[in-house]
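[1] Requesting a structural model of the entry that follows:
(2 chains)
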Amino acid sequence: MAVAWLLVSVAASSSGRRHATFGFGYLADPTNFDIPFRLIPWAVGDSYGRALLVCVLNTLLVSALSIVAATLLGLLVGIMRLSTNWLVRNIALGFIELVRNTPQLVQIIFWYVAVLQTLPGPRQSIRLPFGTLLNIRGLYLPSFVANDVAATLWLLAVVLLLAVPVVWHVRFRGLPLGAKSLLLVVPAVLAFFAGVDHTDRPAMLGFNIAGGVQVVPELVALWAGLSIYAAAFIAEIVRAAILSVHNGQREAALSLGLRPRQVLSKVILPQALRVAVPPTTSQYLNIIKSSSLGAAVAYPELYEIFAGTAMMQSNREIESIALLMGVFLSINLIVSALMNWYNRRILFVGR
Amino acid sequence: MSDLAAPRLPMPGGLAPGHAGRTLPRPVEWARRNLFSSVFNTILTVVVLMLAGLVLPPVFRWAVTHATISGMTRAACTGDGACWTFIRVRFPLFIYGNYPSEQYWRVDVVVALLAAFCTPVLRDGVRHRWLYGLLLLIVFPTLAAVLLAGGVFGLTHVDTSRWGGLMLDLIISFVTVAGSLPLGIVLAFGRRSQLRVVRTLSVGYIEVWRGVPLLTVLFMSAVVMPLFMPEGVSVDRLLRAMAALVLFNAAYMAEVVRGGLQGIAPGQEEAADSLGLSWMQVQAFVVLPQAFRIIVPGIINTVVDLFKDTTLVTIIGLFDLLGAVEQALKDPAWLGFATEGYVFSAAAFFVVCFAISTYGRSMERRLARRQ
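    The predicted structure follows:
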């Protein structure tokens, strides 16, 4: 640490820098740049600290969306890979080989430049189900407008959803509630829709599209690039995990009279899950790290802003890189701690 | 790989057909078994064929029948298909970057040398493989550096800022592998060391590098590293990026090597110890040779990954293949061929990566058979 500090102070005093001292005090200074996409309110002139928060949220948003999509797509392709249907099996193989052998950066830029930028303008939007519009400015989703009692009802929905894992372990008169806790999801969904006054569908208004929520094309491209790339790797993990369950397990379960569906859900998948969790964790961490590639399509995530605009304007190179590394390292450590905890929970318990 | 796909699971509707008694023409029998073995599979096949009928013809029309490849200017591209003319005309830029065209032969010689030096290392059943490995890691880089940079033996000097294209990706990858593998081995031993300080330092190094995005590391090399240099000293931009890539990938290599070291039964080491071999001898003659057999697939995966990741140097302003494509796309004479450009760069990377991973798989199979 002492050596690092010495190096930092040497660098800080070198002639290339305008600011002589190393420190994070500048985070309270006002900025004069805009962040085009954000989840929380932002105005030019807000502090660098708030810019950091906006960017962290943007990074987390695209990472979370990609982790969900990559897991679902990876599961699908991994199971397709084991299909008895020759066509399905080889389409999955082709997908995996194509995606795994081309650079992720090329894929992200391809989605952005070669796919999303060739979409029609707002007037000729592609109409998707549920009033969703797709055009060169991004994806316009219908949004829900809350009514008077929405706050209470939505809070209730969140509480119900949070109760699911808790109830899962509760025993009622000695019997585990387990899967019955999933019934809580139904009232949660009902409570959510009870709080909706009406849906706001995006529609053309003059030269612009009004209403709904706009998902910028940068986010869509980065999301597609991150999730498709990781899905190819997760598919191979899923395939290997399912194959790793010894065939005797399946035969034994079948001979005990379990149905094929039960064999899959009660015998094979729980064992495959154990094999799949550690490598999948590292794919999740890769997604979070690769979200910095958003810089290539100008999605305003951490790297794009803090190694770009914010660094240029504050002239704080060393602080910026320290912030970037620190934040990514912390997010990664938290995610891997969570996944390790989950991994320990599902580990085989010798009896 | 498809031989591994023999399914062991009863996928929905995936029961093996029991028509062994009847004799049918072979293709029909094959189709029945692989495409129409059940109602569900038949539906799947029909759906897939319909989707293919919807997607493939337009793609084929764009890429082949309506595409243009002849001519020298944009005017040649009149059809509504792809304009491969753009790729053909700019091909030297994509491969050699801005390297002076009368010096292309130097790059070609380096590629030939690389092939010559690699062959004995990669071939099966070669004696003294480590000797050839050393040649590849020491003699070849020296020759390549002299040829590419020039400035001696009457070769004109070519500044690294003019290096680019696919050639730059290959150079960066080679240097990164050659540098990070030895460093990774040292780190892997460090992580298993009995000395607490060494172990903590190695673990800390590995976890920190693996916890940050490569882009921040490259950013550090491009922007922050120059600030740490003493007054008047400047290190080449490319060299800095390479150094960053070596340090970064060493952490990943270390984990691969550690996996291999853990796969060696402790009895091996104990037996060698009891024969009176020193620690160095035990590691060099007993542990590492066996560990390498386990880690080859992992190393090849890492090599493919880092080769793909060399595209990231575009973001810090070096002209690799992706950078060259983007440069060509900005040319006012060739605006509007982004799809062709990115499809070409993806295809070029695919060819190299697929070749490496296919080699890796065949190697894996050979090693598995030997055991």
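
[2] Can you tell me the centre-most residue of chain B?
    residue B:304 (2.5 Å; Cα atoms, centre = their mean).

[3] ok, now which ones touch residue B:273?
    residue B:282 (Cβ atoms under 8 Å, 6 or more residues apart in numbering or on different chains). Every C-beta, even on glycine, is put in place using the N, C-alpha and C of the backbone.

[4] Next: residue A:237.
    Residue A:237 touches A:74, A:78, A:276, A:279-280, A:283, counting by Cβ under 8 Å, 6+ apart.

[5] which stretches of the chain form strands?
    Reading this off chain A. Using DSSP state E, the strands of chain A run over A:126-128, A:132-135, A:138-141, A:143-146, A:171-172, A:175-176, A:196-200, A:203-205, A:208-210, A:213-215.

[6] Need those strands in JSON lines (columns: mean neighbour count).
    Shown next, in JSON lines, are the strands of chain A (neighbours: other Cβ atoms under 10 Å in any protein chain shown):
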{"stretch": "strand A:126-128", "mean neighbour count": "11"}
{"stretch": "strand A:132-135", "mean neighbour count": "20"}
{"stretch": "strand A:138-141", "mean neighbour count": "22"}
{"stretch": "strand A:143-146", "mean neighbour count": "14"}
{"stretch": "strand A:171-172", "mean neighbour count": "9"}
{"stretch": "strand A:175-176", "mean neighbour count": "10"}
{"stretch": "strand A:196-200", "mean neighbour count": "13"}
{"stretch": "strand A:203-205", "mean neighbour count": "12"}
{"stretch": "strand A:208-210", "mean neighbour count": "13"}
{"stretch": "strand A:213-215", "mean neighbour count": "16"}
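
[7] for the ones you listed, which one sits closest to residue A:326?
    strand A:213-215 (29.0 Å; Cβ to Cβ).

[8] With distance to residue A:125 and pLDDT as added columns, please give the contacts of residue A:237 in a markdown table.
    Converted to a markdown table, those look like this (distance: Cβ to Cβ, whole Å; pLDDT from 0 to 100):
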| residue | distance to residue A:125 | pLDDT |
| --- | --- | --- |
| A:74 | 31 | 93 |
| A:78 | 34 | 91 |
| A:276 | 40 | 87 |
| A:279 | 40 | 87 |
| A:280 | 37 | 89 |
| A:283 | 34 | 91 |
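
[9] Buried ones among those?
    Using 16 or more other Cβ atoms under 10 Å in any protein chain shown as the burial test, those include A:74, A:78, A:276, A:280, A:283 as buried.

[10] can you tell if the top helix by length along chain B touches chain A?
    Under DSSP state H, the helix in chain B containing the largest number of residues is helix B:338-370. Yes. Counting by Cβ under 8 Å from any Cβ of the partner chain, contacts between helix B:338-370 and chain A involve B:338-339, B:342-343, B:345-346, B:349-350, B:353-354, B:357.

[11] How about the residues of the stretch 151-300 of chain B by chain A?
    Residues of the stretch 151-300 of chain B lying near chain A (Cβ under 8 Å from any Cβ): B:208, B:211-216, B:219-220, B:223-224, B:226-228, B:231.

[12] quick one: which of those is most hemmed in?
    Comparing those on neighbour count, residue B:219 comes out first with 28 neighbours (neighbours: other Cβ atoms under 10 Å in any protein chain shown).

[13] pLDDT wise, what is it at?
    Residue B:219 carries a pLDDT score of 87 in this model.

[14] Over to residue B:59?
    Confidence for residue B:59, expressed as pLDDT, is 86.

[15] burial measure for it, as a count.
    9.

[16] So whichever strand or helix holds it, near chain A or not?
    Residue B:59 is located in helix B:39-60, with elements delineated by DSSP states H and E. Yes. Contact of helix B:39-60 with chain A (Cβ under 8 Å from any Cβ) involves B:41, B:44-45, B:48-49.

[17] Tell me the one of the residues you listed nearest residue A:59?
    residue B:48 (37.0 Å).

[18] Who are the contact partners of residue B:98?
    Residue B:98 touches B:161-164, B:319, counting by Cβ under 8 Å, 6+ apart.

[19] Turn those residues into TSV, columns for secondary structure.
    Shown next, in TSV, are those (DSSP: H, G, I helix; E, B strand; the rest coil):
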residue	secondary structure
B:161	helix
B:162	helix
B:163	strand
B:164	coil
B:319	coil
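
[20] Would you format those as TSV with pLDDT and neighbour count included?
    Below are the contacts of residue B:98 laid out as TSV (pLDDT from 0 to 100; neighbours: other Cβ atoms under 10 Å in any protein chain shown):
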residue	pLDDT	neighbour count
B:161	79	14
B:162	81	13
B:163	84	22
B:164	83	23
B:319	86	22
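
[21] Turn those into CSV, including distance to residue A:321.
    Below are the contacts of residue B:98 laid out as CSV (distance: Cβ to Cβ, whole Å):
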residue, distance to residue A:321
B:161, 24
B:162, 28
B:163, 26
B:164, 26
B:319, 24
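
[22] Out of those residues, flag the one nearest to residue A:105.
    Nearest member of these to residue A:105, counting by Cβ to Cβ, is residue B:319, at 14.3 Å.

[23] From residue B:298, how far out is that closest one?
    31 Å (Cβ to Cβ, to the nearest Å).

[24] now swap in residue B:327 and tell me
    Applying Cβ to Cβ to residue B:327 and residue B:298 gives a distance of 35 Å.

[25] go on, residue B:282?
    From residue B:282 to residue B:298 the distance is 22 Å (Cβ to Cβ).

[26] Would you tell me which residues of the stretch 251-351 of chain A are close to chain B?
    Looking at chain B, the residues of the stretch 251-351 of chain A close enough under Cβ under 8 Å from any Cβ are A:260, A:263-264, A:268, A:285, A:289-293, A:295-296, A:303, A:307, A:311, A:317-318, A:321, A:324-325, A:328-329, A:332-333.

[27] Show the buried residues in the residues you listed.
    A:260, A:263-264, A:268, A:285, A:289-293, A:295-296, A:303, A:307, A:311, A:317-318, A:321, A:324-325, A:328-329, A:332.

[28] So which of those are in helices?
    A:260, A:285, A:289-290, A:303, A:311, A:317-318, A:321, A:324-325, A:328-329, A:332.

[29] Where do the helices of the stretch 151-300 of chain A begin and end?
    A:185-194, A:217-244, A:247-255, A:260-262, A:269-290 (DSSP state H, counting those that start in this stretch).

[30] For the fourth one, which helices and strands make contact with it?
    Taking 3 or more Cβ pairs under 8 Å, 6 or more residues apart in numbering or on different chains; DSSP states H and E as contact, there are no helices or strands that helix A:260-262 lies on.

[31] Out of the strands of chain A, which gets nearest to chain B?
    Chain B lies closest to strand A:126-128 among the strands of chain A, at 15.9 Å (Cβ to the nearest Cβ).
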